[in-house]
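[1] need coordinates for the following:
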Amino acid sequence: MFNLLVSGHGEWWETPPLTIAVDRFKEYSGVEADAIDLAQPETLRRLEGIPTLLMYEVGAGGPHARVVRHGQLRDIVRRGRDLSFTFEPDAQRAYLDRALVLALADQLGIGQFEQHRTHWAIKDGELPPGLLETATAERVQRTVRVVAGEYVAARREGNRREARELQEELEDFPPSLEKALSLLPARILNSPTPELYPILGVEPRTPEGRNALVAVLARDEANADLPADWSYSLAWFLDLYGSPTEAARLDAAVERCAGHMIGLGGADLAAAGSVEEIGYTLWRSARSPLLVGRLRRELAVLTDRLVRRQENHGFWTEARDDVTVPGVRATAFATVALQRLGDDRYHEPIKSAVGWLLTQILPVIGALPRDAGLAEPDLLATVLTMEAIRRSDLPGEVPHVLTGGDAWLVAGQTVLGGWLAEPWSEDFVAGLVLEYLARQNEMLPQVDGFLLMARDFFRKAEELRLEGGANNRRLAAIATVHAVEMFLYGLFEGRDDLALSAFRENGTETLGPREALGALQSALQRIGVLTAPQRLPHRDNLSSLIGRRDGIIHRAHEISEAELDDGMRHARRFIERFAKSLLDLNLLQ
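    A predicted model of the protein is given here:
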């Protein structure tokens, strides 16, 4: 026999005195309750020695509505129309999750209707040992991460009532980056959005990555409510998560992107798309190494058109109701696109644009408008400007700007951790904002040095490989080796704990790539990242590419497509792996 007391008031069990109406006593009780009679007060003593659960009704509000207390009753007394009592929690198993209790509702004899009824039931039988094993001595804090996890589980299981109740609980949590990230799985359940999977940490070529691919392809096949720029999302996603079995779909998506870019280019400046359209398209493309490589001619045309339309003060203009105005969002899109594309010919246009964007920040708010002169903040203009600043050489000089802008972005999320910006879907915009907020430390500042040289050398190698021809392959191999070498030197500068230098003892000669790889391997073994005699990943393959580079320079040797592809693949994996793990940078971005 055990007591089950349920209250519809979400704070009822939090503080004494504890009472329940006499007319609700023994509702939904078992046969063992027949021995308990209010007319014989001494029989109430039997209820003080049995296990007791204090629960709230399903649908009740309050911060602890989903907490069930486990213990025993003491001092049960009738006072007029109420029964009063005290509650003594079990010392080791005082708190249970209501969802776990209701999962055993049939076993406990808890009917559907009584979950929504304030009452005191005396149940037959005992509490299941498995249930009490889940109890805790301290109340588990209902953090946003915990509640979001339960919400996702309820959504996945199709439990609408549970999901609705958890959604109401989630709405009470204030906006935060943790809240938005915790709710990403729920967004993917509702709509498989390609941009969300990497933020969740779903790795390509894993079972989770394959499931993500299947979900996105199913959405593509359904062809329902797909955004107008879906081909950019799909091409980027298939390049990252796809396999040779999706090659035809990838090619088709790339072709659609190419057609869109050609249309934006126009025959002349007057026929070309708006700066905001061009900047947005370049920004979408710059996120995908595949699109950058395969559509380099289309991108070159749009980039040239974009740079030619920049005004002397650094901004780009937009036509609004037949009036030309400086476009803040357009300038932000254009700036980040140029930064991500990484052509050093555009350092000055980028610098000028970032300087102008800093002048457009709305006082007090910390955000930026869509166009100069407007007072209403714009989400995309703000998030892209914050990214542009972080990718520039100015973050150290304007930390207050970044702090204010980031705070405004976080505070602007919806009650379920999303963001709104017409005409884009909430899920896509959430991905855009969260990619910035969660990965801002990975952004490579456009500051001249070894790391920027490494990125640019590797991009040049990719361009040369795609152009084809024996000499371009030779140049691509040379550029790839230089990319690895510059990355190693930048890594040595950025990690003091490695105790390494790019230079020999004379202070003028650099180590060279082979010696630098060996030095990194020894340093990583010393600090415990590698365990001796474990070798540096990709070292042998990179050494082979370095040997081919030497043969090209000193003996005019050739390098085959297969040899170059293999060397560049290992170089990319090496740079991406250690840039992320040792520098927290997405160097090849």
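[2] for the closest residue to residue 298 other than its chain neighbours, identify the helix or strand it belongs to.
    Closest residue to residue 298 apart from its sequence neighbours, by C-beta to C-beta, 6 or more residues apart in numbering: residue 261 at 4.0 Å. The way it works is simple: take the backbone N, C-alpha and C, and place the C-beta from them, glycine included. Element membership for residue 261 (DSSP states H and E) is helix 247-265.
[3] do I have it right that the residue nearest to residue 298 meets residue 280?
    No. Judged on C-beta atoms under 8 Å, residue 261 makes no contact with residue 280 at a distance of 11.5 Å.
[4] returning to what we had before: okay, buried residues for the helix holding residue 261 please.
    The neighbour-count check on helix 247-265 (16 or more other C-beta atoms under 10 Å) flags 249, 250, 253, 254, 256, 257, 258, 260, 261, 264, 265 as buried.
[5] repeat for stretch 85-101
    Those would be 85, 87, 89, 90, 93, 94, 95, 96, 97, 98, 99, 101, for stretch 85-101 by 16+ other C-beta under 10 Å.
[6] run a quick neighbour tally on the closest residue to the fifth one other than its chain neighbours.
    Same thing as residue 93. Nearest non-adjacent residue to residue 93, counting by C-beta to C-beta, 6+ apart: residue 135, 3.4 Å away. The tally of other residues near residue 135 (other C-beta atoms under 10 Å) stands at 19.
[7] ok, residue 135 - contacts?
    By C-beta atoms under 8 Å, 6 or more residues apart in numbering, residue 135 lies in contact with 70, 90, 92, 93, 94, 95, 96.
[8] try 10 Å this time
    When contacts are counted by C-beta atoms under 10 Å, 6 or more residues apart in numbering, residue 135 is found next to 68-70, 89-90, 92-97, 100, 127.
[9] distance of it relative to residue 484?
    According to C-beta to C-beta, to the nearest Å, residue 135 and residue 484 sit 56 Å apart.
[10] and if you look at residue 444?
    In this view, residue 444 and residue 484 are 16 Å apart by C-beta to C-beta.
[11] these two: who's more crowded?
    residue 484 (26 against 22).
[12] residue ranges with poor pLDDT in the chain?
    Within the chain, the segments meeting pLDDT under 70 span 266-273, 447-448.
[13] what's the closest of the buried residues of helix 247-265 to residue 572?
    Comparing the buried residues of helix 247-265 against residue 572 with C-beta to C-beta places residue 250 closest, at 18.1 Å.
[14] compute the distance between the closest one and residue 285, please.
    From residue 250 to residue 285 the distance is 14 Å (C-beta to C-beta).
[15] do the same with residue 124
    Where residue 285 is concerned, residue 124 sits at a distance of 68 Å (C-beta to C-beta).
[16] of the two, which one has the most company?
    residue 285 (27 against 13).
[17] enumerate every residue touching the residue nearest to that one when sequence neighbours are not counted.
    The shortest distance from residue 285 to any residue other than its chain neighbours is 4.5 Å, reached at residue 291 (C-beta to C-beta, 6+ apart). With contact set as C-beta under 10 Å, 6+ apart, residue 291 has these partners: 231-232, 235-236, 239, 253-254, 257-258, 261, 284-285, 298-299.
[18] if I look at the residue nearest the centre of the chain, how far off is residue 587?
    Taking C-alpha atoms, centre = their mean as the criterion, residue 199 is the residue nearest the geometric centre of the chain, at 2.9 Å. Distance check for residue 199 against residue 587: by C-beta to C-beta, it reads 19 Å.
[19] for the stretch 151-300 of the chain, what spans make up the helices?
    Using DSSP state H, counting those that start in this stretch, the helices of the stretch 151-300 of the chain run over 160-171, 177-182, 184-190, 196-200, 207-222, 230-241, 247-265, 275-286, 289-294, 296-308.
[20] can you add distance to residue 473 and give these back as a markdown table?
    Below are the helices of the stretch 151-300 of the chain laid out as a markdown table (distance: least, C-beta to C-beta, whole Å):
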| stretch | distance to residue 473 |
| --- | --- |
| helix 160-171 | 55 |
| helix 177-182 | 43 |
| helix 184-190 | 41 |
| helix 196-200 | 31 |
| helix 207-222 | 31 |
| helix 230-241 | 22 |
| helix 247-265 | 23 |
| helix 275-286 | 25 |
| helix 289-294 | 15 |
| helix 296-308 | 17 |
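[21] so how many other residues sit close to the residue nearest to residue 343 when sequence neighbours are not counted?
    Distances taken as C-beta to C-beta, 6+ apart put residue 303 closest to residue 343, at 7.4 Å, once the chain neighbours are dropped. Residue 303 has 22 neighbouring residues, counting by other C-beta under 10 Å.
[22] residues in contact with the residue nearest to the centre of the chain?
    180, 181, 184, 430, 431, 434, 435, 437, 438, 439.
[23] just curious, which of those is nearest to residue 389?
    residue 437 (13.9 Å).
[24] and what about that closest one, helix, strand or coil?
    Here residue 437 is helix, with the state taken from DSSP: H, G, I helix; E, B strand; the rest coil.
[25] now it: how far from residue 405?
    10 Å.
[26] the more surrounded of those two?
    Ranked by neighbour count (other C-beta under 10 Å), residue 437 and residue 405 place residue 405 first, with 24 against 18.
[27] could you find the closest non-adjacent residue to the more buried one?
    Using C-beta to C-beta, 6+ apart, the nearest residue to residue 405 is residue 386, at 4.5 Å.
[28] wait, a strand at that neighbour?
    No. With three-state DSSP as the criterion, residue 386 is helix rather than part of a strand.
[29] just the strands in the stretch 301-450 of the chain please.
    316-320, 323-327 (DSSP state E, counting those that start in this stretch).
[30] and the nearest residue in space to residue 2 that is not next to it in sequence, how many residues sit next to it?
    Nearest residue to residue 2 in three dimensions, chain neighbours excluded: residue 51, at 4.3 Å (C-beta to C-beta, 6+ apart). Residue neighbour count, defined by other C-beta under 10 Å, stands at 18 for residue 51.
[31] my guess is residue 51 meets residue 69, correct?
    No. Here residue 51 does not reach residue 69: they are 11.0 Å apart, not a contact under C-beta atoms under 10 Å.
[32] residue contacts, residue 453?
    Contacts of residue 453 by C-beta under 10 Å, 6+ apart are 344, 482, 483, 485, 486, 487, 489, 490.
[33] mind checking how far it is from residue 397?
    For residue 453 relative to residue 397 (C-beta to C-beta), the value is 23 Å.
[34] and residue 436, by the same measure?
    From residue 436 to residue 397 the distance is 20 Å (C-beta to C-beta).
[35] between the two, which has more neighbouring residues?
    Taking other C-beta under 10 Å, residue 436 and residue 397 do not tie; residue 436 has more neighbours (20 against 11).
[36] what separation do you get for the more buried one and residue 354?
    Distance from residue 436 to residue 354, by C-beta to C-beta: 15 Å.
[37] buried residues in stretch 194-203?
    Neighbour count says stretch 194-203 has 194, 195, 196, 197, 198, 199, 200, 202 buried, by 16+ other C-beta under 10 Å.
[38] just after the longest helix seen in the chain, pick out the following helix or strand.
    If you go by DSSP state H, the chain has its longest helix at helix 470-494. Later in the chain than helix 470-494, the nearest helix or strand by DSSP H and E is helix 513-526.
[39] let me know the angle separating the next helix or strand after that next one from helix 470-494.
    Per DSSP H and E, the first helix or strand lying C-terminal to helix 513-526 is helix 539-555. Counting by axes from the mean of the first three to the mean of the last three C-alpha atoms, to 10 degrees, helix 539-555 lies at 130 degrees to helix 470-494.
[40] now do helix 539-555: distance to the chain's middle.
    With C-alpha atoms, centre = their mean, to the nearest Å as the basis, helix 539-555 stands 39 Å off its chain's centre.
[41] ok, residues contacting that helix?
    471, 473-475, 477-482, 484-485, 488, 512-514, 517-518, 520-521, 536, 538, 557-560, 563-564, 566-571, 573-574.
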